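**Q** sequence first, predicted coordinates after that:
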Amino acid sequence: MRKWKSLIWALAGGLPIVAATVWTGPGVSARWGVESAAAQTTDGSASADGNASSPDSSAPVRNGFVQRRQWMDDLRWYSMSPQDRQAVRDREEVAWNELMSFLRENARNRYDILRKHEPEFASPLRTALLQRWQNMVQVRQTQPALYDLMVQQFQAEDRLIGLAARLRRANKLGLTQLQGQLKDQIRAVAGELVELNLSQRAAQIENLRRLLDQQQADLARDTQNKNQLIEARTRRILQQADTAVRPPADNSAAAPDSQSN
């Protein structure tokens, strides 16, 4: 536990709330005692004035689900053969290297931190980082425009980590003028994050609208062709019934004839 707390403090130069929020989002940040309101900085569920839009009443349920999932993962891991375990490690290592390459290009602060304090295999922090990266990979394949916005968010968050570390050092040294400049810069980056979050949500809503339009069109088409669908379904059912395994034939009636012969 001390090792993970040290890592989280290092992520933002002594600002654990910023670090845990930027790195893993509110779900995992809560594991480290981070307030959910602070986690709204990057997940976008806060209002423009920085206040959470609504309390997360599902947090206990979600945390219980995460715990049960962790137990199941542990059981599955211990039931694996050594070869299967090595295969899992190899796949995770490939994904981790891809993530580090991405961070080297887009989030240098976090890249340098993780090189010095790399999380252990299957640790909560490493798992959360890989899950976020895998989500981004999936979005990159299906929604390139949304992926670009997510990359910009990563870059802005990384600038925020650097600014937060500089502000902490300025506070220690009592550099009042520098403190003011850094706070202005942090406010500007916070504004970028809010704008990026709004853009991401708008893109997601547009994608959902297109999906809904497609579903409505499919429903209208199938409603018009309802009779044809009934006939097609009936044919499939009859075909499945015809090809189903039949019970063995009753040969009792033929037995007397065979005996008489």
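**A** Received the coordinates, thanks. Since this is a predicted model, take the numbers as computed values, not measurements.
**Q** what about residue 152, distance to residue 113?
**A** Applying C-beta to C-beta, to the nearest Å, the value for residue 152 to residue 113 is 20 Å. In short, each C-beta sits where N, CA and C put it, glycine included.
**Q** now do residue 125
**A** Between residue 125 and residue 113 the distance, using C-beta to C-beta, works out to 11 Å.
**Q** show me where the stretch 51-200 of the chain has its strands.
**A** Read by DSSP state E, counting those that start in this stretch, the stretch 51-200 of the chain holds no strands at all.
**Q** pLDDT below threshold where in it?
**A** 51-67, 69-70 (pLDDT under 70).
**Q** what segments of it are helices?
**A** In the stretch 51-200 of the chain, the segments counted as helices under DSSP state H, counting those that start in this stretch are 59-78, 82-106, 108-116, 124-142, 144-173, 176-224.
**Q** need those in CSV (columns: distance to residue 235 and mean neighbour count).
**A** Formatted as CSV, these follow (distance: least, C-beta to C-beta, whole Å; neighbours: other C-beta atoms under 10 Å):
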stretch, distance to residue 235, mean neighbour count
helix 59-78, 42, 11
helix 82-106, 43, 13
helix 108-116, 58, 17
helix 124-142, 35, 16
helix 144-173, 42, 18
helix 176-224, 17, 13
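**Q** what's the closest of these to residue 242?
**A** Closest to residue 242 of the helices of the stretch 51-200 of the chain, according to C-beta to C-beta: helix 176-224, at 26.0 Å.
**Q** which SSE is immediately downstream of that closest one?
**A** Once the chain leaves helix 176-224, the next helix or strand it forms, by DSSP states H and E, is helix 226-243.
**Q** tell me what that following helix is packed against?
**A** Contact partners of helix 226-243 among helices and strands, from 3 or more C-beta pairs under 8 Å, 6 or more residues apart in numbering; DSSP states H and E: none.
**Q** quick one: mean pLDDT over that helix.
**A** The average pLDDT within helix 226-243 is 90.
**Q** with just CA atoms, put it into CSV.
**A** What follows is helix 226-243, C-alpha atoms only, in CSV (Å, rounded to 0.1, in the frame of the first residue of the first chain):
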residue,chain,number,x,y,z
LYS,A,226,-44.0,-8.9,-40.9
ASN,A,227,-45.8,-11.6,-42.8
GLN,A,228,-42.7,-12.5,-44.7
LEU,A,229,-40.8,-12.7,-41.4
ILE,A,230,-43.4,-15.0,-39.9
GLU,A,231,-43.2,-17.3,-42.9
ALA,A,232,-39.4,-17.3,-42.8
ARG,A,233,-39.4,-18.0,-39.0
THR,A,234,-41.9,-20.8,-39.5
ARG,A,235,-39.8,-22.5,-42.2
ARG,A,236,-36.7,-22.4,-39.9
ILE,A,237,-38.6,-23.9,-37.0
LEU,A,238,-40.0,-26.7,-39.2
GLN,A,239,-36.6,-27.3,-40.7
GLN,A,240,-35.0,-27.5,-37.3
ALA,A,241,-37.8,-29.9,-36.1
ASP,A,242,-37.3,-32.1,-39.1
THR,A,243,-33.5,-32.4,-38.7
